[in-house]
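Novice: My questions are about this predicted structure, shown below with the sequence.
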Amino acid sequence: MARPPKLPVSEKEKIVLAVLRGETTIKQAAQRNGVSETSIGTWKDQFLRGGREALGNGQRRQTSSREQQLEQENRELVQALGELHVRLRAAERGDGTALLFR
């Protein structure tokens with residue numbers, strides 16, 4: 001049997017919320033939407049786990065080392081761009097200030 005098409009996140013959310021509200025059972029939702037009961041159970045678990053993580057006692061999520069690296073690179077690029085802008089403006093004025101930044 002062919003695998004059913006992937007549902008958009010918004011549709012999965014509607015299904016999970018209907019199950020959580022008691023408006024439908026997992027079995028009914030699966031039949032109505034052409035997906036497996038296992039899939040809906042997995043979506044429900046992911047939804048609840050995500051909610052718990054979001055609540056996380058008000059704690060902020062730790063940034064990954066990759067995010068920290070990208071933030072540092074961004075700061076360095078912004079600084080370099082600023083320095084080049086100053087040099088360009090000085091060169092346009094022709095006042096010799098551009099020499100200070102070489």
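Specialist: Perfect, thanks for sending it. Numbers count the residues shown, from 1 in each chain.

Novice: ranges for the helices of this structure?
Specialist: 9-21, 26-33, 37-55, 65-93 (DSSP state H).

Novice: Can you list the low-confidence ranges for the protein?
Specialist: 1-5, 57-61, 95-102 (pLDDT under 70).

Novice: returning to what we had before: got TSV for the helices of the chain, with mean neighbour count too?
Specialist: Where you see a C-beta, it was placed from the backbone N, CA and C, and this is true even at glycine. Listed next are the helices of the chain as TSV, based on neighbours: other Cβ atoms under 10 Å:
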stretch	mean neighbour count
helix 9-21	15
helix 26-33	16
helix 37-55	13
helix 65-93	11
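
Novice: Let me see the domain layout of the protein.
Specialist: 9-58, 65-101 (automatic domain parsing).

Novice: Could you give the separation between the terminal residues of stretch 12-31?
Specialist: 14 Å (Cα to Cα, to the nearest Å).

Novice: Can you give me the distance of the residue lying closest to Lys44 once chain neighbours are set aside to Pro8?
Specialist: If the residues on either side of it in the chain are set aside, Lys44 comes closest to Val16, at 5.1 Å by Cβ to Cβ, 6 or more residues apart in numbering. To Pro8, Val16 is 13 Å away according to Cβ to Cβ, to the nearest Å.

Novice: So what's the residue count around Leu7?
Specialist: 16 (other Cβ atoms under 10 Å).

Novice: try Thr24
Specialist: Residues near Thr24, counting by other Cβ under 10 Å: 16.

Novice: dump the residue contacts of it.
Specialist: Contacts for Thr24 (Cβ atoms under 8 Å, 6 or more residues apart in numbering) come out as 18, 32.

Novice: And for Phe47?
Specialist: Listed by Cβ under 8 Å, 6+ apart, the contact set of Phe47 reads 13, 16, 20.

Novice: For the first one, which residues are in contact?
Specialist: It stands for Glu13. Glu13 sits in contact with Phe47, where contact means Cβ under 8 Å, 6+ apart.
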